[in-house]
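Q: quick one, structure for this:
(one chain, ligands or ions: 1)
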Amino acid sequence: MEDAVSDGGVIGVDVGGGGGKERILVSVRLRPLNEKEIARNDLCDWECINDTSIIFRNSLRERSGFPIAYTFDRVFGGECNSKQVYEEAAREVALSVVSGINSTIFAYGQTSSGKTYTMTGITEYTVVDIFDYMQAHEERAFVLKFSAIEIYNEAVKDLLSNDNTPLRLLDDPERGTIVEKLTEVTLRDWSHLKELLLVCAAQRKIGETLLNEMSSRSHQIIKLTIESSAREFLGKGKSSSLVASVNFVDLAGSERASQALSAGSRLKEGCHINRSLLTLGTVIRKLSKGRHGHVPYRDSKLTRILQPSLGGNARTAIICTMCPARSHLEQSRNTLLFASCAKEVVTNARVNVVMSDKALVKHLQKELARLESELGNPGSASGTSHLEALLRGKDAQIKKMEKEIKELIRQRDLAQSQLKNFLRIAVDDRASRQWDESSQVSTSRVTTSEYDDVVSVSATSGFPYRGLNFGFTKFDKSMGTEDWNELHSLRSGKLSENDAFSPSHSISSSNFIRLIPRRSENNTHEAVDTVEDHCKDVQCIEIAESSTSGRKELGISLNERTESQLSTTPNQEHNATRPLSVDSPAITLEQQLQNVRKRIDDLVRPYHDEMSSVSSTVELSKSQSSALTKSRSCRTSMNSVSSPWFQDAGHTDNNTPPNSFLRNFPGRPDQLQRRHVALNCDIDSETLLGLKEMAQVQYDKQCGNSQD
Ligand SMILES: Nc1ncnc2c1ncn2[C@@H]1O[C@H](COP(=O)(O)OP(=O)(O)OP(=O)(O)O)[C@@H](O)[C@H]1O
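A: This is a model prediction of the structure:
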């Protein structure tokens, strides 16, 4: 034999058009029961039912949960010999090496399951076939090189050398992981191979365990590298060659210390074996899930060396060997699980072409010309158009993401503003309460905070829903000190505890309204406390500006407690204290708003009917009539102004206002304006004036009556 090529570069060429992607070929070989197993009447639990399926004879009741059938590329029963296994499970893959494709055949299984027995046969049959191929292809020159290592206790040893010094692993950018200073022998013929195999067997660490008298204590990797090139180009400096390797991997067997009864050095070996097999299993499992994330090849020397064979540039066949005995059931299952994962692993084999310097230069010149033509004519180049399409896709993706970012920012700002408003309301309420305490008004409360624009009014009255109390929190920001003084004197001088509004609304010009329930109608202190409590968990919602009506809509947020208190008893209160979320979906908030409006409508309706009857009996001025008409269109406002009057319990005479009405409007018709302002209602100044006059008339009448 002669050297096929001089130094040059290795080029990977796709196998066919598909790029050489294929799954690992996985077979299972079941050995017959051995003498020991037969002697102890061990039962055989496994059976190959056809060429591809093996089943578990479910004779043990407690194992009934196990899957009973496994399918692989090929399964071999105890009656199959190694030649058959080689031909059907390894030959095609192994012989890829003569075409310049890397390949690996390895045996995996528990100790004493027949790995060495299988791999010895496969190695020999492969080499025989390789020699046959070489003879059949005289037009090509072949070089066959042999090397062998073992990985014993995580140290790499050269099996063709007497030197026991562990070999280092190096990372080569072109060839991957290589073993430094490894002996490589050019194979002469068949007898030379037999000789080398014997040397390896003699060098390999073998020990006796309870399960195997000749148990391999290391992983063995025999490597045959084949280079071939056409004879006619040899020596002409422009030849190219094919170069590839086939690995025969005989793994050490997984073992249970308890079963192998290993101790001392056997136990240590067993630990190393199991650890590296565990890493192999992890690598296979990760690869079987599609190469996502980190694959821990470097966690063991075995996986590092076998990296190209596990999902890399190689064709790979795995033969999983099994002991059929019931006593090895768990180990057999583990082997089958490993095999199931392995058959999902995809490798990407390529033809490895080595070029002489001249051939390489020629090849590179061709490649350069192709690339230049693509650059000069970007439209026609398929590669360029592909890149353009890719760029367009990315651009669209970026735009979409920018939109999403904008939307997210908008949502964040909205949430922040809602939170801000909520906090402001909380601060206002606290300030109001402080003012209230300092004013020491026992019968009613008028509270201000350090903010000039904040006024709080809390009162109780004959509101039909007597379990409720509401408190004004904020008035319009445009309200000045004068307004405040008016209201303050109104509240402190005229209102009594019974005069106050039952349904009062927390309103602010900053578009918030809050309904705050109170448990007791008589105890105003309790009311204040309750109001404060509710301030803590009440939620506020921003009001939307309605451009069509030109009217500022009231945004109302009820906490569930307020809602539920309209219809529940005090005993149910505890279950209804959870506040609405600030960032509740708009649709929910809209529904709540509708609910509140409906509730207000329900509250106002009785008054509204009463008001109609009163207007027929009370003499009104033109402006008063007009005001009344307009006021009907604003039931929210009406409710605020008049409900104390017409809902006053026991009041039957519609021609005169009841005492409760007068207590609510004690000579201060301005209060009407305040309440309208507070409710942010759509009533113009003329209407308000009319209402004020109407209230004044009623008041004067009543005063006259009482003086009489
Ligand atoms: N298919 C088979 N037919 C007949 N005998 C077999 C078969 N497989 C294995 N044996 C026998 O079983 C014994 C154990 O086999 P082998 O040493 O190959 O197991 P192993 O899996 O390599 O074990 P270890 O991992 O401990 O090295 C050997 O005596 C071998 O001859």
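
Q: for the residue lying closest to S82 once chain neighbours are set aside, give me its contacts.
A: In space, and not counting its chain neighbours, S82 is closest to G121: 3.0 Å by CB to CB, 6 or more residues apart in numbering. The way it works is simple: take the backbone N, C-alpha and C, and place the C-beta from them, glycine included. Residues counted as contacts of G121 (CB atoms under 8 Å, 6 or more residues apart in numbering) are N81, S82, K83, V85, Y86.

Q: which single one of those is nearest to R350?
A: Using CB to CB, Y86 comes nearest to R350 of the contacts of G121, at 24.6 Å.

Q: what pLDDT does S439 get?
A: With respect to pLDDT, S439 scores 55.

Q: what's the nearest residue to V26 if we skip its chain neighbours?
A: Closest to V26 by CB to CB, 6+ apart is K343, at 4.1 Å.

Q: N153 too?
A: H272 (4.7 Å).

Q: ok, now how distant is that neighbour from K343?
A: As for H272, its distance to K343 is 27 Å (criterion: CB to CB, to the nearest Å).

Q: how about the helix or strand where M134 lies and the ligand, touching?
A: Remark: M134 resides in helix 115-136, with elements defined by DSSP states H and E. Yes: Helix 115-136 comes into contact with the ligand (CB under 6 Å from any ligand atom), by way of K115, T116, Y117.

Q: do the same with stretch 199-211
A: No: Stretch 199-211 does not reach the ligand (CB under 6 Å from any ligand atom); its nearest approach is 6.6 Å.

Q: quick check: end-to-end length of that stretch?
A: 25 Å (CA to CA, to the nearest Å).

Q: please apply the same query to stretch 222-240.
A: Distance between the boundary residues of stretch 222-240 (CA to CA) amounts to 26 Å.

Q: which positions in it come out as buried?
A: I222, K223, L224, T225, I226, E227, S228, S229, F233, L234, S239, S240 (16 or more other CB atoms under 10 Å).

Q: what about the helices in the stretch 51-200 of the chain?
A: 82-89, 91-94, 115-136, 190-203 (DSSP state H, counting those that start in this stretch).

Q: closest point of the stretch 1-150 of the chain to the ligand, which residue?
A: Among the residues of the stretch 1-150 of the chain, G114 lies closest to the ligand, at 2.6 Å counting by CB to the nearest ligand atom.

Q: for that residue, give me its contacts.
A: By CB under 8 Å, 6+ apart, the contact set of G114 is R29, R31, A107, T321.

Q: so how far is S215 from K205?
A: Separation of K205 from S215 (CB to CB): 10 Å.

Q: enumerate the residues of this protein near the ligand.
A: 31-32, 34, 109, 111-117, 212, 214-216, 252-253, 321.

Q: so what's the closest residue to the ligand within the stretch 301-450 of the chain closest to, chain neighbours aside?
A: Residue of the stretch 301-450 of the chain nearest the ligand, by CB to the nearest ligand atom: T321 (5.8 Å). Nearest residue to T321 in three dimensions, chain neighbours excluded: G109, at 3.5 Å (CB to CB, 6+ apart).

Q: wait, the one you found touches I318, no?
A: No: contact criterion CB atoms under 8 Å: G109 and I318 do not qualify, at 10.0 Å.

Q: neighbours around the closest residue to C48 other than its chain neighbours, how many?
A: Spatial nearest neighbour of C48, chain neighbours left out: G77 (4.2 Å); criterion: CB to CB, 6+ apart. Neighbours of G77 under the rule other CB atoms under 10 Å: 17.

Q: before we move on, the earlier item: between the residues of helix 115-136 next to the ligand, which has the most around it?
A: K115 (26 neighbours).

Q: and the nearest residue to that residue once chain neighbours are set aside, what does it touch?
A: Nearest non-adjacent residue to K115, counting by CB to CB, 6+ apart: A107, 3.8 Å away. Applying CB under 8 Å, 6+ apart, we find A107 in contact with G114, K115, T116, T118, M119, V249, D250, L251, I318, I319, C320, T321.

Q: tell me which helix or strand of this structure sits lowest on mean pLDDT?
A: Scoring the helices and strands of the chain by mean pLDDT, DSSP states H and E places strand 455-458 at the bottom, with a mean of 34.

Q: the helix or strand harbouring A317 - contacts with which helices or strands?
A: Using DSSP H and E, A317 sits within strand 315-322. Other elements packing on strand 315-322 under the criterion 3 or more CB pairs under 8 Å, 6 or more residues apart in numbering; DSSP states H and E are strand 25-30, helix 82-89, helix 91-94, strand 103-109, helix 115-136, helix 329-342.

Q: please identify the most buried of the ones you listed.
A: strand 103-109 (a mean of 27; mean count of other CB atoms under 10 Å).

Q: relative orientation of it and helix 115-136 in degrees?
A: Here strand 103-109 runs at an angle of 160 degrees relative to helix 115-136 (axes from the mean of the first three to the mean of the last three CA atoms, to 10 degrees).
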